[in-house]
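Participant: Curious how this folds, go ahead:
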Amino acid sequence: MAAKDDGGPLSGTRVLELAGLGPAPFCGMLLADLGAEVVQVRRPGAEPGKDDVLQRGKRGIEIDLKHESGAEAVLALAERADVLLEGFRPGVAERLGIGPEQCWTRNPALVYGRMTGWGQEGPLAHAAGHDIDYIALTGMLHTLGRAGGPPQVPANLVGDFGGGAMYLAVGVLAAALNARSTGRGQVVDASIVDGAAHLGSMLYGMLSAGGWSTSRGTNLLDTGAPYYDVYETADGEHMAVGPLEPRFYDELVERLGLTGEVPDRDDPANWPALRSRLADTFAQRTRQEWAELFDGTDACVAPVLSMTEAREHPHMRDRGVFVDRDGVVQPAPAPRFSATPNPPTAGVRGAPEGAAVLRDWQVTDIDDVLGSGAVRPAPEGA
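Facilitator: Okay, here's the model as predicted:
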């Protein structure tokens, strides 16, 4: 077995993140969770609060990108980086003097990760948008919701973080592996529309095969099937029910005391009656009572917990799924590694570090960079 490494699998990897919103900072946090040294370039005065979880594990340096020497300060750091992350609209980084070609003149092996909603090209490339717009045009938002009702918005999980940040992370890591063997970096064009559509690959395949309908809330996995849905309990809470496989479904029926009393689930014509019977049954006990009855079984039933309740669940506590850093409860790094475990979850590092970052990254001509006035020095005592 390989020797343990406390630095995480990305130990020794340097990531330069140009501060932005949502997906790119999440990607930077993920890479920091995996052991990369992430330095975030922030605008002057933009110090994150301790509850800004997306900044955890990162160092900060404040650079005025509108200053005449701002681009030079960023390029000096990019020269020492393995990966750069930015979430500007197309063309903005180039106008600031820190686009891919400008960075490659200093560091040909740099992986340049670009995070946008619409992508670097296309009719909407320069238009504003948010998660809800991106998943709307990919068909994903249309799939979410109940029959006869409107589409339901899944916070910004499917677009920003699922289709955006996670694909950016995969892309820059793949490009970094390629750069190690070729010595050449490349642009990773990660767009939320690309990633969100890709997340729907299985559903699009089912649609093509006739196994998925565009009528919302009528399919196997969208609350169409009564054995893949949520049911209200006696105390106004809910249980999630999902025994897709027959043997798991049989256990559900048995534990509900309904053996021989429910219609054949394989005939969709029976689904309304089956749904009604399940709803009536779950309404007879509290969520806690049902949770205890189904705990540890193969019936695929679980209580629907709030965000504040989830961290107290015994399984979540045992695995350490959530951690408390500086009084802020937050998800722990994921996934986990056997030989290169994730470094301890860090808190948010708010104060800019100025010269310390430049020194630790072995930037040449530090005095010139600091003397230009584009970089805010670290506050006294930092």
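
Participant: Contacts for stretch 304-320, please.
Facilitator: Stretch 304-320 is contacted from outside by 230, 237-240, 287, 321-322, 329, 332, using Cβ atoms under 8 Å, 6 or more residues apart in numbering. Where C-beta positions appear, they are placed from N, C-alpha and C, glycine not excepted.

Participant: now these as JSON lines including secondary structure, pLDDT and neighbour count?
Facilitator: Output for those, formatted as JSON lines (DSSP: H, G, I helix; E, B strand; the rest coil; pLDDT from 0 to 100; neighbours: other Cβ atoms under 10 Å):
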{"residue": "Val230", "secondary structure": "strand", "pLDDT": "98", "neighbour count": "15"}
{"residue": "Glu237", "secondary structure": "coil", "pLDDT": "98", "neighbour count": "20"}
{"residue": "His238", "secondary structure": "strand", "pLDDT": "98", "neighbour count": "17"}
{"residue": "Met239", "secondary structure": "strand", "pLDDT": "98", "neighbour count": "21"}
{"residue": "Ala240", "secondary structure": "strand", "pLDDT": "98", "neighbour count": "14"}
{"residue": "Arg287", "secondary structure": "helix", "pLDDT": "98", "neighbour count": "21"}
{"residue": "Val321", "secondary structure": "coil", "pLDDT": "97", "neighbour count": "14"}
{"residue": "Phe322", "secondary structure": "strand", "pLDDT": "96", "neighbour count": "16"}
{"residue": "Val329", "secondary structure": "strand", "pLDDT": "95", "neighbour count": "14"}
{"residue": "Ala332", "secondary structure": "coil", "pLDDT": "95", "neighbour count": "16"}
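
Participant: which among those residues gets closest to Leu85?
Facilitator: Set against Leu85, the nearest of these by Cβ to Cβ is Ala332 (22.0 Å).

Participant: and the nearest residue to the closest one once chain neighbours are set aside, how far is that from Thr345?
Facilitator: Nearest residue to Ala332 in three dimensions, chain neighbours excluded: Val323, at 4.8 Å (Cβ to Cβ, 6 or more residues apart in numbering). Distance of Val323 to Thr345, computed by Cβ to Cβ, to the nearest Å: 5 Å.

Participant: How about Trp361?
Facilitator: 23 Å.

Participant: Which helix or strand contains the closest residue to Gly148 other than its chain neighbours?
Facilitator: Computed as Cβ to Cβ, 6+ apart, the closest residue to Gly148 that is not its neighbour in sequence is Gly217, at 7.1 Å. Counting by DSSP states H and E, no helix or strand carries Gly217.

Participant: Tell me who's in contact with Gly217.
Facilitator: 145-149, 223-224.

Participant: And the helices in the stretch 51-200 of the chain?
Facilitator: 70-78, 92-96, 100-104, 131-137, 166-182, 192-199 (DSSP state H, counting those that start in this stretch).
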